[in-house]
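1. Here is the input, now give the coordinates:
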Amino acid sequence: MTKVEGRTKLLRRAPYLGYVLLFLAGVIAAVVGDRGYLDVMRLRAERARAAEDLAGFRARVESERQAVARLSHDTLTRERIAREKLGLVEPGEVLILLSDDPRAESAPRQPLPPPPRRSTQRAP
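-> This next block holds a predicted model:
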């Protein structure tokens with residue numbers, strides 16, 4: 001084979017080689033490029049996580065709405081919350097704060113009065 005024939009064969013094959021290289025570059029760009037397959041998979045996973053978060057937030061909002069509805073109609077629930085969270089008492093009641101209660105730290109410390117003396121005499 002002469003040099004001219006070798007060059008002629010190479011020139012005939014060059015477009016095919018260019019097409020193959022162009023095709024490979026396109027495949028690589030489709031897989032790892034911007035908006036490629038890997039990017040689409042990452043975005044789908046992110047969208048699925050966001051949908052799960054949204055479902056959780058919607059459930060929480062619905063739960064809070066139900067709690068608000070209960071509070072607006074149920075006076076016993078409002079009274080219970082006022083007693084537990086605010087430490088409110090009705091007149092004549094005594095509030096006892098235990099040491100593990102966070103309100104006990106800020107409560108005024110006053111000594112208890114001594115118990116009343118009982119008489120030791122018996123009635124006839």
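2. Can you report how many residues lie near G36?
-> 14 (other CB atoms under 10 Å). C-beta: built from backbone N, CA, C; applies to glycine.
3. so how far is the one helix or strand A14 maps to off the chain centroid?
-> If you go by DSSP states H and E, A14 is part of helix 3-32. With CA atoms, centre = their mean, to the nearest Å as the basis, helix 3-32 stands 53 Å off its chain's centre.
4. and that helix, what does it pack onto?
-> helix 37-73 (3 or more CB pairs under 8 Å, 6 or more residues apart in numbering; DSSP states H and E).
5. okay, which residue is most central for this protein?
-> Closest to where the C-alpha atoms of the chain average out (CA atoms, centre = their mean) is D53, at 6.8 Å.
6. residues touching K9, list them.
-> K9 makes no contacts at all, as judged by CB atoms under 8 Å, 6 or more residues apart in numbering.
7. quick one: it and T75, what's the gap?
-> Taking CB to CB, to the nearest Å as the measure, K9 falls 97 Å from T75.
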